[in-house]
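Engineer: below is the structure, and that's it, no one-letter string:
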Ligand code: NAD
Ligand code: TYD
């Protein structure tokens, strides 16, 4: 028996409603990192559209938040497992038991500032974790029938940051842009992309890799620019812009990213990479002022005046990339995807979402989201009997 299965404290598997099912599905997706920002949006959107169940493996780091998945309580199509992508025996056992037709790898350490202060976790999860996951998946995939092998997909969710920084007049990143990662985060993601590519070329694993620009939308942890600005503005705090605030990012509404991933999963060619972007380049200062204008209308300051008065310029991030821009034309011409939201419409939805979800915000800002399971279900997470 694999070591990860013997130890119930390592393997803590449960449906969110804490019921077990022995049903085996012919089709199932395995999602890693599905309690994070993009993963949780993906799982919810998937289950809103399809009956195909989701096995959700997440380590529940500080960025993993089960309250983002609260709406799936009682939904037997969602199987949640607390665990590490690097735990080979656990992952291998889950693959054998649930037999997914695809694995989508969202699990990562994702925040650039944290990677500067503590790069080790980024190498552990993004590099070693992806390696271990690839090995577990390769082992599982090698035992599938030829037909199942051909249909199988490993979709690796990566970032535009692996391409490094652009000068103002340079064309946007295409899929063949050279890798020039500059932060520990982007370097660790670049390393994981190379592993994924090699597992295709060497072992034939049918992989797909996507490079997406900066996401924003519901359930984003407020260490990232847009939710941080919204919540700081509403609580009367400073809105900190690094350096001169003239750094440029391309912004994509998270649900558009999820739609693009569904399309790549459905129709992408194994071994290929796809850029995903919002056609919305903005400086950080433009993002902050647009947010302030929206908030001025949706939730005017009690003391009057604009939230823009709270914008403050602070010390720059070391090695701060000046500009990212994504050319997502391949995804549009080959697979017919383009974003549904403009930056303005997506931002308006996002601000409204944060205003309407105070309990989620309170859970996150107080830190109590980390105890969400015990708060909602009492002490002791039921463990899954080894099977
Ligand atoms: P996030 O930090 O919000 O969520 C990451 C999730 O992974 C968390 O739930 C965390 O608990 C989980 N996790 C971390 N280490 C793990 C491990 N070892 N095993 C299992 N689970 C683990 O990140 P996000 O913003 O949702 O990003 C998801 C993916 O998309 C990442 O791979 C990121 O690099 C990529 N991406 C993000 C953006 C963005 O703007 N947020 C843009 C492009 C690409
Ligand atoms: P972030 O959301 O951390 O994403 P990334 O660094 O992966 O692009 O930051 C987006 C941009 O906003 C980036 O240029 C850094 C900047 N930024 C600030 O100016 N102030 C802040 O407080 C944060 C969190 C980010």
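Structural biologist: Nice, I can see it. Note that the coordinates shown come from a computational prediction; the quantities given were computed from them, not determined experimentally. Ligands and ions are numbered 1, 2, ... in the order given.

Engineer: from now on I want contacts and neighbour counts done on CA atoms only, so please keep to that.
Structural biologist: Noted.

Engineer: roughly how far does residue 236 sit from residue 217?
Structural biologist: 21 Å (C-alpha to C-alpha, to the nearest Å).

Engineer: of these two, give the one with the bigger neighbour count.
Structural biologist: Set side by side, residue 236 and residue 217 show more neighbours around residue 217, with 25 against 11, by other C-alpha atoms under 10 Å.

Engineer: what are the phi and psi values at that one?
Structural biologist: When read as degrees, to the nearest 10, the backbone of residue 217 gives phi 150, psi -170.

Engineer: again with residue 58
Structural biologist: Main-chain torsions, residue 58, degrees, to the nearest 10: phi -150, psi 140.

Engineer: give me the average confidence score over stretch 209-222.
Structural biologist: Stretch 209-222 shows a mean pLDDT of 98.

Engineer: are that stretch and ligand 1 in contact anywhere?
Structural biologist: Yes - counting by C-alpha under 6 Å from any ligand atom, ligand 1 is contacted by stretch 209-222 at 212, 213, 214, 215.

Engineer: which one of these has the most neighbours?
Structural biologist: Neighbour max across the residues of stretch 209-222 next to ligand 1 (other C-alpha under 10 Å) = residue 213, 28 neighbours.

Engineer: right, and it touches residue 249 too?
Structural biologist: Yes - counting by C-alpha atoms under 8 Å, residue 213 touches residue 249, with 7.5 Å between them.

Engineer: could you pull out the strands for the stretch 51-200 of the chain?
Structural biologist: 54-58, 78-82, 102-105, 153-159 (DSSP state E, counting those that start in this stretch).

Engineer: would you turn those into JSON lines with mean pLDDT?
Structural biologist: Shown next, in JSON lines, are those (pLDDT from 0 to 100):
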{"stretch": "strand 54-58", "mean pLDDT": "98"}
{"stretch": "strand 78-82", "mean pLDDT": "97"}
{"stretch": "strand 102-105", "mean pLDDT": "99"}
{"stretch": "strand 153-159", "mean pLDDT": "99"}
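
Engineer: could those go into a markdown table alongside distance to ligand 2 and mean neighbour count?
Structural biologist: Formatted as a markdown table, those follow (distance: least, C-alpha to the nearest ligand atom, whole Å; neighbours: other C-alpha atoms under 10 Å):
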| stretch | distance to ligand 2 | mean neighbour count |
| --- | --- | --- |
| strand 54-58 | 21 | 25 |
| strand 78-82 | 26 | 22 |
| strand 102-105 | 18 | 23 |
| strand 153-159 | 9 | 24 |
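
Engineer: of all the ones you listed, which one is nearest residue 340?
Structural biologist: strand 153-159 (19.9 Å; C-alpha to C-alpha).

Engineer: that closest one pairs with which strands, and in what direction?
Structural biologist: strand 102-105 (parallel), strand 207-212 (parallel) (DSSP bridges).

Engineer: overlap in contacts of residue 213 and residue 249?
Structural biologist: Taking C-alpha atoms under 8 Å, 6 or more residues apart in numbering as the criterion, residue 213 and residue 249 both touch 324, 325.

Engineer: what number of residues lie near the closest residue to residue 63 other than its chain neighbours?
Structural biologist: Distance criterion C-alpha to C-alpha, 6 or more residues apart in numbering; nearest residue to residue 63, sequence neighbours excluded, is residue 36 at 5.8 Å. When neighbours are counted by other C-alpha under 10 Å, residue 36 registers 28.

Engineer: distance of residue 36 from residue 254?
Structural biologist: Distance, residue 36 to residue 254, by C-alpha to C-alpha: 12 Å.

Engineer: what residues does this protein put near ligand 2?
Structural biologist: 111, 112, 214, 223, 224, 225, 240, 241, 242, 245, 247, 284.
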